[in-house]
Structure formats: C-alpha cells, structure tokens
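Asker: Provide a 3D model corresponding to the input given below.
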Amino acid sequence: MRQIMIAVLLCACASFTSARRPTVAEAEANYKLFIKYFDLGNYDQAKAIADQKKVDRQQIIKVITTAMWQEVILTKVMGVGWAKAMARKFQLDRATETAFAQDVFSYLVINNSCEIAADVVLYFDLGPIYADKAINCAQPYPFPVHVARLACRVPGTKDLRSKLINGWVNNFQQSQPAQRDYVSMAEIAVLCPLTADQYADLFAIGLKDKQLEFTRIMLEKGNFKKILADYDNFIAMAVAQFQCGMAATVALKHKLPDATVEALFLNPKCFGGNLWEVDPALISSKKVYRFFELSLEAHEYLFARNLVEKFNLADTYFDRIVDEAIAAKDFSSIIDFDPPAGLDKRLYQDGVLEKLMDSNEEWFVVRYAISRSTTFSSDVDENWYAWIERAYLHALRRGAFELAAEIAYKYELTEFSKWGINLAFDGACQARNLDEAETIVRRYKLGREALNRVVLLRYQKNKEEKKKRMESRQRQKRVCGSSDDWNVKPCK
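Answerer: Next up, the predicted model:
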C-alpha cells in the first residue's frame, strides 16, 4: 500500500513539474521559434508552437495584428481577406479584431482607399455606420460606378443608398442622349436594387436611344412587368443592328412564341450572322430537329454543330452540316469544327479539304494550309505543305494556270516557287492559253525571253486561225457551187 502511495505522489510531482511556467530564457526561445515559423509562412506550425509552448498571448496578438496591418496596406483587397483569415486562425477575440479593423479603416479613409476600407467593413462586420463612412469617402470621385460598387455592395444604411440611387437615375433621365453614360448606368442597374418603375423607365430610354446592350440589361435585370410588345420592340431593335443571337437568346429565355423565334432564324438579316451565340441548352429536346433545320437554312453551321453535340445526334447530322456548308461555299465556318467523338480532327480536316479539291476550291485549301503551317511544329508543317503541292498540281491539271502560278508563288520554298511558276507558264503555252501565259509572264516577271515566246505563239496561233478561216470559206464555196438547189444563195 505504501508503494502505491509513493507512486501516486511521484506522478503528482511529475504533473506539477510539467505544468510549471517556463523560465525567461525558455519563453524567449519559444517566442523566437514561433516567429521563425510565422515568418516562413508555416502558420499551422506557428499556431501549434504558440499553443503547446504557451507563448505569451499579448506577444502573439502584437505579431499577428502587425502582420495583418502590413498585408492590408500592401496588398489591398487580398490583404483584407488574409487579415481576416489570420484573425480566425489565431483566434483573436472580437474586441481585438474590431479595434484593429477600426484603426486600419480610419487609415484607409484618410488615404482615400475607400474601396479597401469598404472591404474592411465587410470582412470585419463593422456595421452600417462605418459602411456609410466608406461610401461618403468615395463620393468626391467623378465616377458614380465607383460609389455604386460600395453603396450597393456594402450593407450601409438604406436611406443613404436610396438617396444615391435616386440621384443617379434622375441625372441619367434628365441628361441629353449624347451626354448619357449608358455603360455606367447599366453597371449601376446591375449592382444596385433599383425600383421596378426605375427599371421600366431606363428600358424605355434604351429603346428610344437605340442602345441595344443597355436595353437588354434593363430587360433582363429589371423586375418591372413586361408585356409582349416590350420583347417585340427589343427584338426588332436587335435584328436591325444585326444582333440576332442576342434577340434569339432573349426570345428563348422568356419563352416567346415559336413563330417569333423561327422568324429570327429565317430573317435574311440573320443569315450567316451570330445566331451561333445562342446556348443550345435553351432549346427544348422536342424542338431540336426543327432548330437543326432552321440553323442550316440560316447558314448557322456552328449552331447546328452545337446542337449535334448537346443532344448527341447521330453522325449523319454532322455530315450533313459539312455538306450543306460546302454547297453554300462557307468553308471557313466548318474547317475547324471539332468532329464527333472517335474521329481524329486532322483526319476530319483532311476529308473536308479533299472535298474542296474535288470542287476545284484549291485556293481555299492553299490559304488554309499556309495559315496552319505557321502554327505547328516542323513535322506537321510538311504535312500542310503537301496540301499546297496537291492544290498546285490539281489546278495545273485542270488548266487553271494563273491559279497554279499564284499557288507556287505563295509557297515558302523558293525553289518550288520558281519551278512551279515556270511549269504553269509552260502549261499555259502548250494549251495555247496565251492570255493566261502573258499574265503569268508580266505578274511574276519571267523576263523578255518568256514574253517573246508568248508573242511568237500568239503570232502562230493567229496564223493558224487565219488559215482555218480561209479553208472554211473555200469549203463553203465548193459546196455552194456544186449545189443544184435553186434555194441556195449564190456564192460570193
């Protein structure tokens, strides 16, 4: 029993010893260790040392608040967030947080850093009185948006915010159209809680002044009661300004009649325009095939491609897009499409270029290949150059000699360019296409000898044609003279 009591006493003594306060030297060492990890940015380790080693709390608060102050002043908005995070990590009490926030707020306002001061209000929850101070700090600035960002983001007093908003709206309404700042007013309308009547008035002003983007924002953001005429007026203005994608988006978002949306796709002003901007997610799965047909009719091939991808339509629909675009000679819109899953993009592009070659569209093939040859590494460059050479030979074989010469001229390899131009010239001469041959000589400066060759060939050609005309007349005379038909006119 005695042994047990001794053991208990020893344990108690050990506990008492471990709980003793550190010496001055130990406290100093613990503080330095805390500072070391804090300065290294290892805040978790610094926090652990502060807790385990019982580092003086006042020293910790001083280090943390000093760092918070420097971070706010140096890195602005990011610093405010960092300061709040440090206050939480090191469990600063509410009074310490508030005192820090009020001090740094006053410094920021004195130095006209009003938006940063407003962030301090938000992060440290200083309340509406300080929010109003941040807003009033910004008011001398000439840009109302600068103030609106504070007044409508920081929870200040409602009276001040309403006063500011009403002033901005009234000034905008009373200004002449040439003096109205539509961009700033639109941003204020997005940031701030305007009344329904204010949104309606601004929408009407946008329509009257033909400010499309401004009017769209009022229509989308405004909580005023809209009627069908409001949407029709906006759509008419959008189409007049060739912004059919915006008009269709509004019509689909607000579930306007199908006839309204279809009329946009079939409007000549919308053909080949920007209907591709419409998000396919706005299209009902029940209407996807109808919109696919409409997009082809409107030459909106990218939108049709987006429908194929969104609704997982069969590959035959994708193939149809390509064929329709080629038939409409709208090659640029499809050549860079991402093909359906399972088909390599380069193979898809090769297939399109092959079809274009079959359609004698060598010049597009060349321009596209040249544009791509400067984008990729040298091994892929050779592949694109191969298409240039194929286009050259294709043009040459079908007798498009001027085109072949121009393709050779565009080729970046000097030897091929010189050889190709001369070969095109020879081909034109052999085909007796002397107008093209002369054009090639003069355009690419092939020299006097080549020009003399064209002149000689032209002389020979004219001589041969003259001989053929004489032989034709002689045959006609013989036929005329041997005829017994009294209706045949006498030979001359």
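Asker: use CA for all of it now, contacts and neighbours both
Answerer: Fine.
Asker: can you list contacts of stretch 237-247?
Answerer: With CA atoms under 8 Å, 6 or more residues apart in numbering as the test, stretch 237-247 has contacts from 207, 210, 212, 234-235, 264, 269-270, 273-278.
Asker: mind listing what's buried in the helix or strand where Ala238 lies?
Answerer: For Ala238, the element it lies in under DSSP states H and E is helix 228-240. Using 16 or more other CA atoms under 10 Å as the test for burial, helix 228-240 gives 231, 234-235, 237-239.
Asker: May I ask which two of the contacts of stretch 237-247 are separated the most?
Answerer: Leu207 and Trp276 (24.5 Å; CA to CA).
Asker: neighbour count winner among these two?
Answerer: Taking other CA atoms under 10 Å, Leu207 and Trp276 do not tie; Trp276 has more neighbours (21 against 17).
Asker: pLDDT value on that one, please?
Answerer: What the model reports for Trp276 is a pLDDT of 88.
Asker: Surely it is in contact with His299?
Answerer: No: Trp276 is beyond contact range of His299, at 10.0 Å (criterion: CA atoms under 8 Å).
Asker: phi, psi of the nearest residue to Pro339 once chain neighbours are set aside?
Answerer: Once flanking residues are discounted, Pro339 sits nearest to Lys345: 5.9 Å by CA to CA, 6 or more residues apart in numbering. Lys345 adopts backbone torsions of phi -60, psi -40, taken as degrees, to the nearest 10.
Asker: do the same with Ile283
Answerer: In terms of degrees, to the nearest 10, the main-chain angles of Ile283 are phi -90, psi 130.
Asker: since we're on the nearest residue to it once chain neighbours are set aside, how many residues are nearby?
Answerer: Counting by CA to CA, 6+ apart, Ile283 lies nearest to Leu252, which is 7.5 Å off, once chain neighbours are set aside. Using other CA under 10 Å, Leu252 has 19 neighbouring residues.
Asker: Okay, angle between the helix or strand harbouring Leu252 and helix 228-240 too, please.
Answerer: Element membership for Leu252, per DSSP H and E: helix 244-253. If you take axes from the mean of the first three to the mean of the last three CA atoms, to 10 degrees, helix 244-253 sits at 160 degrees to helix 228-240.
Asker: got the buried residues for helix 244-253?
Answerer: Per 16+ other CA under 10 Å, helix 244-253 contains these buried residues: 244-252.
Asker: which of these lies closest to Glu465?
Answerer: Cys244 (58.5 Å).
Asker: Find me the pLDDT at that closest one, would you?
Answerer: pLDDT at Cys244 comes out at 92.
Asker: again, but for Leu212
Answerer: With respect to pLDDT, Leu212 scores 95.
Asker: If we ignore the residues flanking it in sequence, what's nearest it?
Answerer: Nearest non-adjacent residue to Leu212, counting by CA to CA, 6+ apart: Ala238, 6.5 Å away.
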